[in-house]
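Visitor: predicted model and sequence below, questions to follow.
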Amino acid sequence: MRTPHDGEEPRRAVPRTDVLLADPRLAAATERLGAAIVKAGVAAAQERVRRAEIPPSAAADVALASLPATATSMRRVLNATGVVLHTNLGRAALSAAAVDAVGEAAGATDVELDLATGRRARRGRGALAALAAAVPDAEAVHVVNNGAAALALAAVTHAAAREIVVSRGELVEIGDGFRLPDLLVSAGARLCEVGTTNRTTLADYERAIGSDTALVLKVHPSNFVISGFTSTVPVEALATLGVPLLVDLGSGLLSRHPRLPDEPDAASTLRAGADLVTASGDKLLGGPQCGLVLGRSSLVEPMRRHPMARAMRVDKLTLAALEATVTGPATPTARALATTYGDLRHRAERLAAELARAGLDARAVDSDASVGGGGAPGVVLPSAAVSLPADHHPRLRAATPPVLGRLRDHRCLLDLIAVDPADDALLAAAVRSLAG
Ligand SMILES: *Cc1c(COP(=O)(O)O)cnc(C)c1O
């Protein structure tokens, strides 16, 4: 317990706010972060002086050290969960090329202007051209805010007050209580459910199709698997039904991925006869959150011109990141999928040895990683992890930077598949900080 000193008035000792804010380093921080954040840091430091946790002379240093790197309360974290596309961690990590592109587009930019003529030009034409070039099987492309918006725009444009025929095995909840059937109905379409949860045949679709059928919809089950006595109808067969076929891919692969042979991609799906495909930009494509629409011009163009398209318009930062994702070097998602078990095991052993030398109970173990809710359900990616005592799991969330692992068999696993190898040193430092 602290003993009060005779004659000392603790409040006197607290440095004044204006004096602290005049510290050149805190003044510079105010320029960079804004007054509110710096004042909050100063107030917290003053409170610690008041409680005699720090001497008055340390207030400025402590306030400075408490300030975030940027003016967002969002923190960069290390994804050591072993889930490559983790929805709670913002799904795909952007490539350095995409981050640079976002910086370039952040100020005034020619997003909707042709610099050669000085006239208005198609918004985001660079990103759209990149997407079209990446999927030559698509006659036309369009981009909206996310995958759900792409699907809703397709429904409101092509199936308002009409029917969408869909298999009962594909009525998907995408997360956080949001369900695709509800989305389609709220866009004004009626659903005609066919088949059963586990089996749907071409005859089921044939029987359901009538004069009021606007679309046949096939949804890729991107976050679950139905196994056992099952059957679904392939795109090739659905394309023979004589009704426009919309395929919601979800995962956003533009072309086949050798490691994910069962994951559908836009090019193959269009070649198989789909008239329209929709997908997310921040799943396996590895880009920013957005919704991709690819397919026949006769279906894409009315979507682009529909009044609702304006309410789903994608911003310039997203367009910049999307273009760089499609044309640029391999994304962090692609690199995670390309990493071999051998590489991961080697990194895990090196990190575990380093942490063990620092006195931690750390060892390298094998781990089962996954793609995540963004695609390839059920696919196990052989990976490696640093195994730590379970009590490290919550404490690592408070480290700098926060490290998100997962619990297995009463141990905290830090799976390396979704950690950039360039961040291994940062990961080790965050873990080591728990030892001290
Ligand atoms: C993820 C997903 C969606 C929703 O996409 P968002 O980009 O999250 O809006 C829709 N359909 C399928 C099949 C999905 O996997």
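Guide: Looks like it came in fine.

Visitor: skipping its backbone neighbours, what lies nearest the most centrally placed residue in the chain in space?
Guide: For the chain, the residue whose C-alpha lies nearest the mean C-alpha position (C-alpha atoms, centre = their mean) is residue 91; its distance is 2.0 Å. Distances taken as C-beta to C-beta, 6 or more residues apart in numbering place residue 282 nearest to residue 91, at 4.2 Å, with adjacent residues excluded. C-beta coordinates here come from the backbone N, C-alpha and C atoms, glycine included.

Visitor: okay, the one you found: pLDDT?
Guide: The pLDDT attached to residue 282 in the predicted structure is 97.

Visitor: now the one 4 residues further on
Guide: Residue-level confidence at residue 286 comes out at 98, pLDDT.

Visitor: where does this protein come near the ligand, residue by residue?
Guide: Contacts of the chain with the ligand, taken as C-beta under 6 Å from any ligand atom, map to 146-148, 151, 172, 174, 180, 219-220, 222, 248, 250, 280, 291.

Visitor: can you rerun that using 8 Å?
Guide: By the criterion of C-beta under 8 Å from any ligand atom, the positions of the chain lying close to the ligand are 87, 91, 145-151, 172, 174-175, 180, 219-223, 248-251, 278-283, 289-291, 373-375.

Visitor: take those residues and keep only those in helices.
Guide: Taking DSSP state H, the ones among the residues of the chain next to the ligand that sit in helices are 147-151, 180.

Visitor: closest to the ligand out of those?
Guide: Each of these was checked against the ligand using C-beta to the nearest ligand atom; the closest is residue 147, at 2.4 Å.

Visitor: before we move on, back to that, hmm, the residue nearest to residue 91 is touching residue 87, no?
Guide: No - under the contact definition of C-beta atoms under 8 Å, residue 282 does not touch residue 87, with a separation of 9.4 Å.

Visitor: shared neighbours of the two, anything?
Guide: With contacts taken as C-beta atoms under 8 Å, 6 or more residues apart in numbering, residue 282 and residue 87 have residue 374 as neighbours in common.

Visitor: what ranges do the helices span in the stretch 151-300 of the chain?
Guide: Remark: helices of the stretch 151-300 of the chain, listed N- to C-terminal, are 180-186, 202-208, 235-238, 266-271, 297-305; assignment by DSSP state H, counting those that start in this stretch.

Visitor: what helices or strands is the last one leaning on?
Guide: Under the contact criterion of 3 or more C-beta pairs under 8 Å, 6 or more residues apart in numbering; DSSP states H and E, helix 297-305 touches strand 140-144, helix 147-158, strand 291-295.

Visitor: next secondary structure after it?
Guide: Along the chain past helix 297-305, the next helix or strand (assigned with DSSP states H and E) turns out to be helix 307-311.

Visitor: outside of that next one, which residues touch it?
Guide: Surrounding helix 307-311, the residues in contact under the criterion C-beta under 8 Å, 6+ apart are 142, 144, 152-153, 156-157, 303.

Visitor: now tabulate the residues you listed in JSON lines and tack on pLDDT.
Guide: Rendered in JSON lines, the data for the contacts of helix 307-311 read as follows (pLDDT from 0 to 100):
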{"residue": "142", "pLDDT": "98"}
{"residue": "144", "pLDDT": "98"}
{"residue": "152", "pLDDT": "98"}
{"residue": "153", "pLDDT": "98"}
{"residue": "156", "pLDDT": "98"}
{"residue": "157", "pLDDT": "98"}
{"residue": "303", "pLDDT": "98"}
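
Visitor: highest mean neighbour count out of the helices and strands packed on helix 297-305?
Guide: Sort the helices and strands packed on helix 297-305 by mean neighbour count, taking mean count of other C-beta atoms under 10 Å, and strand 291-295 sits at the top with a mean of 27.

Visitor: where does the stretch 1-150 of the chain have low pLDDT?
Guide: Counting by pLDDT under 70, the stretch 1-150 of the chain shows low-confidence ranges at 1-12.

Visitor: tell me where it has helices.
Guide: For the stretch 1-150 of the chain, the helices defined by DSSP H, counting those that start in this stretch cover 10-13, 17-21, 24-33, 35-50, 59-66, 96-105, 125-134, 147-158.

Visitor: show me what residue 407 is bridged to.
Guide: residue 412 (DSSP bridges).

Visitor: for residue 388, that is, sorry about that
Guide: Judged by DSSP bridges, the bridge partners of residue 388 are residue 412.

Visitor: neighbours around it, how many?
Guide: Under the neighbour criterion other C-beta atoms under 10 Å, residue 388 is assigned a count of 24.

Visitor: how about the stretch 251-400 of the chain: which residue is closest to the ligand?
Guide: For the stretch 251-400 of the chain, the residue positioned closest to the ligand under C-beta to the nearest ligand atom is residue 280, at a distance of 3.3 Å.

Visitor: nearest spatial neighbour of that residue, chain-adjacent residues omitted?
Guide: Closest residue to residue 280 apart from its sequence neighbours, by C-beta to C-beta, 6+ apart: residue 147 at 3.6 Å.
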